[in-house]
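**Q** Provided below are the primary sequence and the corresponding predicted coordinates.
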Amino acid sequence: MSRHSKSMLAYAAILLCLIGVGCAPQTSQEPAERSRIKVSGSGTTLPLIRLLASAYPDRSVEFEFLPGLHSAAGIEGVASGAIDVGLVSRDLTDEEQALGLTYTLLSEDGLVIAVHPSVGIQELTTEQVKDIYRGRYSNWKELGGADLPIVVLDRNEDESAKIVLRKHVLGSSLEVTSSAAVLSHEPDMISALSSTPGAIGYFSLGAAVHQRVPVDVVALDGVKPSIETLRSGDYRVVRPLAIVTRSDADAAVKKFVQWVVGPEARDAMEREGYAAAR
């Protein structure tokens with residue numbers, strides 16, 4: 001072969017490499033298959049599980065958050081196989097325990113009493129909260145606050161937040177004033193409380209910190225709710241935030257559940273105001 005022919009062949013080989021022909025690797029990698037975890041249930045636990053999902057290091061997992069606002073719906077969804085992870089903000093009933101689901105406690109979250117910043121109150125006693133919810137006070141100036149009408153925000157009696165508030169603060173027999181605005185879901189409570197001058201209500205400590213809700217969280221009987229006062233037992237108005245899964249859940253779900261009770265997840269929770277379960 002002449003020197004000219006050899007040069008032409010070498011030039012052709014270089015040109016093919018430059019345009020991507022003939023120099024590609026002989027093997028190619030298929031994209032990794034992604035796992036999808038369907039999540040639904042308690043709206044109270046939703047911000048926490050979103051926080052944990054965003055911190056989860058396994059990026060081959062995709063979380064799908066489906067509509068759902070109550071613990072019962074999350075439990076029923078997992079039991080039926082419609083979802084993979086059910087969100088719960090209470091203990092399971094005896095009937096629900098009989099379903100054979102795995103209950104994993106994530107946080108013993110504080111339930112805080114909070115007021116709109118216009119109120120000018122930083123502390124209340126249990127008796128004062130009772131009298132506010134009874135309707136015995138009508139203006140915040142009666143309690144040393146601003147000259148503003150008191151707007152009482154409440155939840156339905158079967159909601160976990162109301163059950164906990166009755167257990168630790170209101171008592172079982174207190175009749176709430178008929179002027180109270182009753183809100184069905186925690187996001188509604190947060191929205192109304194942060195946008196209504198003179199309002200008082202109650203919701204998750206973790207949500208207050210994580211979402212930077214613009215309200216004043218009050219000390220109750222001299223104790224300010226915090227992870228430290230929850231840990232010490234000084235602040236006693238708490239409720240569980242948990243998830244339920246099937247015992248035969250697939251490997252991706254089981255791996256996630258194992259991670260959420262580990263040190264990395266605990267650190268992620270506590271940085272955002274959620275007291276990790278011990």
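**A** Sure thing, it's come through. Residues are numbered from 1 along each chain as shown.
**Q** from here on, contacts and neighbour counts on C-alpha atoms
**A** Fine.
**Q** Now do the same contact list for the nearest residue to residue 144 once chain neighbours are set aside.
**A** Once flanking residues are discounted, residue 144 sits nearest to residue 121: 7.3 Å by CA to CA, 6 or more residues apart in numbering. By CA atoms under 8 Å, 6 or more residues apart in numbering, residue 121 lies in contact with 115, 144, 145, 216, 218.
**Q** Residue 171 too?
**A** Per CA under 8 Å, 6+ apart, neighbours of residue 171: residue 165.
**Q** Tell me the one of the contacts of residue 121 nearest residue 35?
**A** Ranked by distance to residue 35 (CA to CA), the contacts of residue 121 are led by residue 216 at 41.0 Å.
**Q** Identify the residues contacting the closest residue to residue 209 other than its chain neighbours.
**A** Of all residues beyond its chain neighbours, the one nearest residue 209 is residue 273 (5.3 Å), with distances taken as CA to CA, 6+ apart. Applying CA under 8 Å, 6+ apart to residue 273 gives the contacts 205, 206, 207, 208, 209, 210, 226, 227.
**Q** so which of these is the most crowded?
**A** Highest neighbour count within the contacts of residue 273: residue 206, with 28 neighbours (other CA atoms under 10 Å).
**Q** Please determine how far the residue nearest to residue 209 is located from residue 222.
**A** For residue 273, the distance to residue 222 equals 20 Å [CA to CA, to the nearest Å].
**Q** Quick one: the helices in the chain, in order.
**A** Ranges of helices in the chain, per DSSP state H, are 3-18, 46-55, 71-80, 94-97, 126-134, 160-165, 186-195, 205-210, 227-232, 251-260, 263-271.
**Q** So for residue 110, which of these sits nearest?
**A** The nearest among the helices of the chain, by CA to CA, is helix 205-210 at 5.1 Å.
**Q** which helices and strands sit right next to that closest one?
**A** Judged by 3 or more CA pairs under 8 Å, 6 or more residues apart in numbering; DSSP states H and E, helix 205-210 is in contact with helix 46-55, strand 102-115.
**Q** Just the buried residues of stretch 132-145, please?
**A** Using 16 or more other CA atoms under 10 Å as the burial criterion, the residues of stretch 132-145 that qualify are 132, 133, 134, 135, 137, 139, 140, 141, 143.
**Q** Just give me the closest of these to residue 95.
**A** Of all the buried residues of stretch 132-145, the one with the least separation from residue 95 (CA to CA) is residue 133, at 32.7 Å.
**Q** Contacts only, for the closest one.
**A** Applying CA under 8 Å, 6+ apart to residue 133 gives the contacts 152, 175, 176, 177, 180.
**Q** sorry, back to before: which of the contacts of residue 273 lies closest to residue 186?
**A** Nearest to residue 186 out of these is residue 207 (CA to CA; 9.7 Å).
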